[in-house]
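**Q** need coordinates for the following:
(4 chains)
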2 protein chains.
Amino acid sequence: MNKTPKITLSDVALAADVSPITVSRALRNPDKVSVEARARIDRAIHELGYVPNPAARALASGRTDIIGVIIPSVSNNVFADVMRGIDEGLQGSGLGVQLGTTRYSPTTEEDLIRVFLSQRPAGLIVAGHDQSPVARRLLEGADCPVVQIMEVGPAPIDLAVGLSHFQGARAGAAHLLAQGYRAPAFLGAQMDPRSQRRLAGFRACLADAGLDDDPVVTTPEPSSVSLGCRLLADLLARWPMTDAVLCNNDDLALGVLFEARRRNIRVPVQLGICGFNDHEMMSAAEPPLTSVATDRFSMGRQAVGLIRSRLAGVGPDRGSSVDLGFRLIPRASTARRDG
Amino acid sequence: MNKTPKITLSDVALAADVSPITVSRALRNPDKVSVEARARIDRAIHELGYVPNPAARALASGRTDIIGVIIPSVSNNVFADVMRGIDEGLQGSGLGVQLGTTRYSPTTEEDLIRVFLSQRPAGLIVAGHDQSPVARRLLEGADCPVVQIMEVGPAPIDLAVGLSHFQGARAGAAHLLAQGYRAPAFLGAQMDPRSQRRLAGFRACLADAGLDDDPVVTTPEPSSVSLGCRLLADLLARWPMTDAVLCNNDDLALGVLFEARRRNIRVPVQLGICGFNDHEMMSAAEPPLTSVATDRFSMGRQAVGLIRSRLAGVGPDRGSSVDLGFRLIPRASTARRDG
DNA sequence: CTGAAAGCGCTTACAG
DNA sequence: CTGAAAGCGCTTACAG
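**A** Next up is the predicted model:
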């Protein structure tokens, strides 16, 4: 708790024998300063160990170099990958990340948006398309790029990058039917809007196939592998004829695999398993687990990319959205022999 | 990209018929303002929709409400839990989090520390005790609380909360020997300083037991379940007599379990498996996997707690550290029948 | 309990 | 290519 040299831009200007404005310019638009001046300034900065004061910069310019990221939860695996993509996308930009978690509460989200906006961020990344009307209005009025991630929707606030969870789940369900399973069920945890749309996709597929049973077990609890075990137990208690499960996510699918083994249910013959997201572990499992692959890393990186493009003045237009799609990765867990 | 009402503290003062200083005070020390004035101010704030400008506050006070968190990587499971703890600890504090990742590079860490420090953070949380001399000097000179997390060490820069990875791994290895395994090996990925100390703990245990073989397979690669599969394959190719593995972390342990099953190696009879951290999935696996439990959530929460105490002036002394310890959780994966 | 003065360290136009 | 002036919106002492 001691020394703070407190070297300011004026100190640098003095040492470099130029005015403060020129130092400021050398820092932000180096090519608008003569090479000689720049050399002296650079040397002074180095010798004095000058570091700009971001608060002063922000106050004067009405702009910070911070991107605000608002997600429901940091413990969700999916967001870890997204954060990695964001981090990657930020490399070399001089931008930083401030993180806020809504805990799935709309009012907390509104508060966070208000606080973040008050800091005049360089950009904002928010999860999903289900903001409250108040939150949406705040974001519409934001004077910085706003990117909605995770999914694509009909009316992005500004920019969006994600995928259709409805279509992804529908493809997963269709795969189960194509493999010869006749009584697929849906297992879901943490039923946020994306999960709801996955469930809707599952149901749409079953309806198309003329199946009118609705074997669905969901819980608002956070997802986990153990929960996958329990949900399978619940499911089998209520729908003993189930021969396949489409899981809301990969944790659940792994839990289902373990629970099946514990009960001597043979995968994929007696039970087919399909996850969602295609986490790295899915291919390593024994048997390897089928999943609907999503590209969370790209989602984060492209979200930052959109913001950087906008800041650089090279588009993209308001209303643009990037659909990253999904890929069904069939593996042994749904390779039914008698399909 | 439009409207910005730009309500300032002066606008509020005008509306509430007090001076700006009084509004400022009402915001930070409400009890130092008369109830009447406070009521008028609160109403004005509400009606005008005033939100303080953090940059102006920071510039004037030389202090922000941001805690800087510097970790090696966001994709590491372990840090997700820590972040959740940090997030939890922040509730109701009015503090925010800015995140920086070093990617295991000492110079990147130095740069991040410099940048974060320039923002005059309310506190700083950094991972580990192995900062470069430059980084250490910067942190020692910081005029805010600094907490080193993940492990406890001999000489904390300021505050520390973590555990001894050496002792944790030693306990894991001792457990394997106690269960009757005679040829335990060590599998490690992402060999950062904590992992190195785990390996040292493993070796110390084997040396104590008079075993002088050194069956160790490590890689600098990031950890993953698939990597666990590959490392087991490497290990068995080089030390076919191995009858147990202590894994650097739980991902690896899960990979080992899958690979063992693929090779028809029976767990725990032919191969004992022990992980590190005790991720939730360990208890759900089939068979359930033994692990050395660490409390990452508390680590994050307590790190924030230490900072908040210090800020509140009830502070823990410089040099304090909190050892959260570890617990060996024995499960079926090391329950050798013929032990 | 309340306020007048000064200043935090930058950047924004505007000239030249 | 360079600079003088003004100001961003708060808070810090210091009085009273």
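**Q** okay, now the spatially closest residue to residue A:160 that is not a sequence neighbour: neighbour count?
**A** In this structure, residue A:160 finds its nearest non-sequential neighbour in residue A:321, 3.7 Å apart by C-beta to C-beta, 6 or more residues apart in numbering or on different chains. Just so you know, the C-beta spots here come from the backbone N, C-alpha and C atoms, and that holds for glycine as well. Around residue A:321 there are 20 other residues, counting by other C-beta atoms under 10 Å in any protein chain shown.
**Q** now residue A:131
**A** 22.
**Q** so it: helix, strand or coil?
**A** Assigned state for residue A:131: coil (three-state reduction, DSSP: H, G, I helix; E, B strand; the rest coil).
**Q** give the contact list for the residue positioned nearest the centre of chain A.
**A** Among the residues of chain A, the one closest to the centroid is residue A:82, at 4.1 Å (C-alpha atoms, centre = their mean). Applying C-beta atoms under 8 Å, 6 or more residues apart in numbering or on different chains, we find residue A:82 in contact with A:71, A:149-150, A:296-297, A:299-300, A:303.
**Q** let's go with 10 Å and repeat that
**A** A:69, A:71, A:76, A:125, A:127, A:149-150, A:295-301, A:303, B:74 (C-beta atoms under 10 Å, 6 or more residues apart in numbering or on different chains).
**Q** now do residue A:166
**A** Neighbouring residues of residue A:166 by C-beta under 10 Å, 6+ apart: A:151, A:194, A:196-205.
**Q** if any of the contacts of residue A:82 are buried, give me the ChimeraX selection for them.
**A** The ChimeraX selection below is limited to those of the contacts of residue A:82 classed as buried (16 or more other C-beta atoms under 10 Å in any protein chain shown):
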select /A:69,71,76,125,127,149,150,295,296,297,298,299,300,301,303 /B:74
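**Q** ok, so of the contacts of residue A:82, who is nearest DNA strand C?
**A** Using C-beta to the nearest atom of the strand, residue A:125 comes nearest to DNA strand C of the contacts of residue A:82, at 23.0 Å.
**Q** show me what the helix or strand hosting that closest one is packed against.
**A** Applying DSSP states H and E as the criterion places residue A:125 in strand A:123-127. If contacts are counted by 3 or more C-beta pairs under 10 Å, 6 or more residues apart in numbering or on different chains; DSSP states H and E, strand A:123-127 sits against strand A:66-71, helix A:77-90, strand A:96-101, helix A:106-118, helix A:133-140, strand A:146-151, strand A:159-163, helix A:296-311.
**Q** show me the domain layout of chain A.
**A** A:9-52, A:66-164+A:296-324, A:165-293+A:328-334 (automatic domain parsing).
**Q** of the ones you listed, which is nearest residue B:329?
**A** Residue B:329 lies closest to domain A:165-293+A:328-334 among these, at 13.9 Å (C-beta to C-beta).
**Q** can you give me how far the closest one is from the chain middle?
**A** 22 Å (C-alpha atoms, centre = their mean, to the nearest Å).
**Q** what's the answer for stretch A:69-80, then?
**A** Computed by C-alpha atoms, centre = their mean, the chain-centroid distance of stretch A:69-80 equals 7 Å.
**Q** output it as CSV, nothing but the C-alphas.
**A** These are the backbone C-alpha positions of stretch A:69-80, laid out as CSV (Å, rounded to 0.1, in the frame of the first residue of the first chain):
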residue,chain,number,x,y,z
VAL,A,69,-20.2,-9.6,-21.0
ILE,A,70,-23.5,-10.5,-19.4
ILE,A,71,-24.2,-14.2,-19.1
PRO,A,72,-26.6,-16.2,-16.8
SER,A,73,-23.9,-18.2,-15.0
VAL,A,74,-20.2,-18.8,-15.0
SER,A,75,-20.5,-22.4,-13.8
ASN,A,76,-22.2,-23.5,-17.0
ASN,A,77,-19.7,-25.3,-19.1
VAL,A,78,-21.1,-23.8,-22.2
PHE,A,79,-20.1,-20.3,-21.1
ALA,A,80,-16.6,-21.3,-20.3
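**Q** tell me the spacing between the residue of the stretch 101-250 of chain A at minimum distance from DNA strand D and residue A:24.
**A** For the stretch 101-250 of chain A and DNA strand D, the shortest gap (C-beta to the nearest atom of the strand) falls at residue A:118, measuring 8.5 Å. Using C-beta to C-beta, to the nearest Å, we find residue A:118 at a distance of 24 Å from residue A:24.
**Q** how about residue A:114?
**A** 30 Å.
**Q** name the SS class of residue A:242, please.
**A** Residue A:242 ends up coil, using three-state DSSP.
**Q** what helix or strand does the nearest residue to it once chain neighbours are set aside sit in?
**A** Spatial nearest neighbour of residue A:242, excluding adjacent residues (C-beta to C-beta, 6+ apart): residue A:185 at 4.6 Å. In the assignment (DSSP H and E), residue A:185 maps to strand A:184-188.
**Q** what pairs with that strand, parallel or antiparallel?
**A** As defined by DSSP bridges, the strand partners of strand A:184-188 come to strand A:216-218 (parallel), strand A:244-247 (parallel).
**Q** buried residues, that strand. List them.
**A** A:184-188.
**Q** about what we covered before: what lines up beside the strand holding residue A:125 in the sheet?
**A** In the sheet, strand A:123-127 lines up with strand A:66-71 (parallel), strand A:146-151 (parallel) (DSSP bridges).
**Q** got the angle for the first one vs helix A:106-118?
**A** Yep, that's strand A:66-71 we're talking about. 170 degrees (axes from the mean of the first three to the mean of the last three C-alpha atoms, to 10 degrees).
**Q** equivalent analysis for the last one, please.
**A** Here strand A:146-151 runs at an angle of 140 degrees relative to helix A:106-118 (the same axes, to 10 degrees).
**Q** that's all I had, so thanks and see you.
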